[in-house]
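**Student:** What follows is a predicted structure for the sequence shown.
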Amino acid sequence: MPAADDSCDSVVDNICRLEPDLLAEPCQHVLRYLLGQTKGVDSSEVCDIFQRGRVTLDHESLQSVVTFLLSTFRTAAKSKLSADDLVSRLEERSSRWTKESLQVFHSLWSEHGDSVQVPPVPQDLLSVGRLVDMQWKLSMAVSSDTCRSLNSPFVTVLLKIAASSGQIHQKVFEMTVPQFQNFHKQMKELAAVMETV
């Protein structure tokens with residue numbers, strides 16, 4: 001579990017800003033991942049949850065909350081903590097917890113804690129991300145302060161990548177149509193090679 005310090009208190013403050021029902025949602029996302037039911041914890045979905053609760057966080061703070069939840073539930077699973085022990089450890093780390101927030105952790109861990117198994121992660125896979133989704137759309141540039149060639153088509157690509165930590169990060173980039181066609185060709189070649197392995 002995260003050590004007690006100002007950054008931990010900051011994360012706790014952000015978590016405690018959520019109503020109990022809203023707090024349960026990102027916790028359930030993390031638990032579903034740790035139960036092997038999803039490929040990762042999508043930070044954009046957690047952001048949507050916070051926005052529904054009218055809690056606005058910058059990207060770094062949001063990532064800190066997701067990392068804290070992942071670390072907390074992983075550590076509880078590895079240590080085989082009971083729900084009471086989990087709450088006690090959280091209270092030891094920070095005095096800023098609200099009673100309602102701790103009740104959410106207690107309730108969810110009582111329900112799911114025994115089922116969570118944290119497999120060891122091979123050391124050579126720690127820095128490798130996994131592509132879990134790719135979306136693209138064709139658009140047309142119609143105005144720009146810096147571009148001379150307007151009315152040119154371009155492709156916007158959104159990649160969702162699951163890090164070894166379990167967090168899903170989004171990467172967005174744009175390409176010209178010829179660049180996208182080359183990218184598509186390379187992906188087909190890569191898929192063909194992977195089928196032979």
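**Tutor:** Thanks, I have the structure now.
**Student:** can you pull out the helices in the protein?
**Tutor:** Taking DSSP state H as the criterion, the chain carries its helices at 6-16, 20-34, 43-52, 59-78, 83-93, 99-112, 177-196.
**Student:** Any chance of those in JSON lines with mean pLDDT and mean neighbour count as columns?
**Tutor:** Heads up, the C-betas are built off the backbone N, CA and C, glycines and all. As requested, the helices of the chain are exported to JSON lines (pLDDT from 0 to 100; neighbours: other CB atoms under 10 Å):
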{"stretch": "helix 6-16", "mean pLDDT": "84", "mean neighbour count": "17"}
{"stretch": "helix 20-34", "mean pLDDT": "90", "mean neighbour count": "19"}
{"stretch": "helix 43-52", "mean pLDDT": "84", "mean neighbour count": "16"}
{"stretch": "helix 59-78", "mean pLDDT": "88", "mean neighbour count": "18"}
{"stretch": "helix 83-93", "mean pLDDT": "92", "mean neighbour count": "16"}
{"stretch": "helix 99-112", "mean pLDDT": "93", "mean neighbour count": "17"}
{"stretch": "helix 177-196", "mean pLDDT": "82", "mean neighbour count": "11"}
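**Student:** Figure out which of those helices is closest to N151.
**Tutor:** N151 sits nearest to helix 177-196 of all the helices of the chain, at 12.8 Å, using CB to CB.
**Student:** Please name every helix or strand in contact with that closest one.
**Tutor:** If you count contacts as 3 or more CB pairs under 8 Å, 6 or more residues apart in numbering; DSSP states H and E, helix 177-196 packs onto strand 153-162.
**Student:** how much does the strand it packs on deviate in direction from helix 43-52?
**Tutor:** Counting by axes from the mean of the first three to the mean of the last three CA atoms, to 10 degrees, strand 153-162 points 90 degrees away from the direction of helix 43-52.
**Student:** circling back: which one of the helices of the chain lies closest to A141?
**Tutor:** Of the helices of the chain, nearest to A141 by CB to CB is helix 177-196, at 11.8 Å.
**Student:** okay, that closest one in PDB with CA atoms only?
**Tutor:** What follows is helix 177-196, C-alpha atoms only, in PDB (Å, rounded to 0.1, in the frame of the first residue of the first chain):
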ATOM      1  CA  VAL A 177      -4.000   9.100 -46.000                       C
ATOM      2  CA  PRO A 178      -0.800   7.800 -47.600                       C
ATOM      3  CA  GLN A 179       0.800   7.400 -44.200                       C
ATOM      4  CA  PHE A 180      -2.200   5.500 -42.900                       C
ATOM      5  CA  GLN A 181      -2.200   3.200 -46.000                       C
ATOM      6  CA  ASN A 182       1.500   2.400 -45.200                       C
ATOM      7  CA  PHE A 183       0.600   1.900 -41.500                       C
ATOM      8  CA  HIS A 184      -2.200  -0.500 -42.600                       C
ATOM      9  CA  LYS A 185       0.100  -2.400 -44.900                       C
ATOM     10  CA  GLN A 186       2.700  -2.800 -42.000                       C
ATOM     11  CA  MET A 187      -0.100  -4.000 -39.600                       C
ATOM     12  CA  LYS A 188      -1.200  -6.600 -42.100                       C
ATOM     13  CA  GLU A 189       2.400  -7.800 -42.600                       C
ATOM     14  CA  LEU A 190       2.800  -8.000 -38.800                       C
ATOM     15  CA  ALA A 191      -0.400  -9.900 -38.400                       C
ATOM     16  CA  ALA A 192       0.800 -12.400 -41.100                       C
ATOM     17  CA  VAL A 193       4.100 -12.900 -39.300                       C
ATOM     18  CA  MET A 194       2.400 -13.400 -35.900                       C
ATOM     19  CA  GLU A 195       0.200 -16.100 -37.300                       C
ATOM     20  CA  THR A 196       3.200 -18.100 -38.200                       C
END
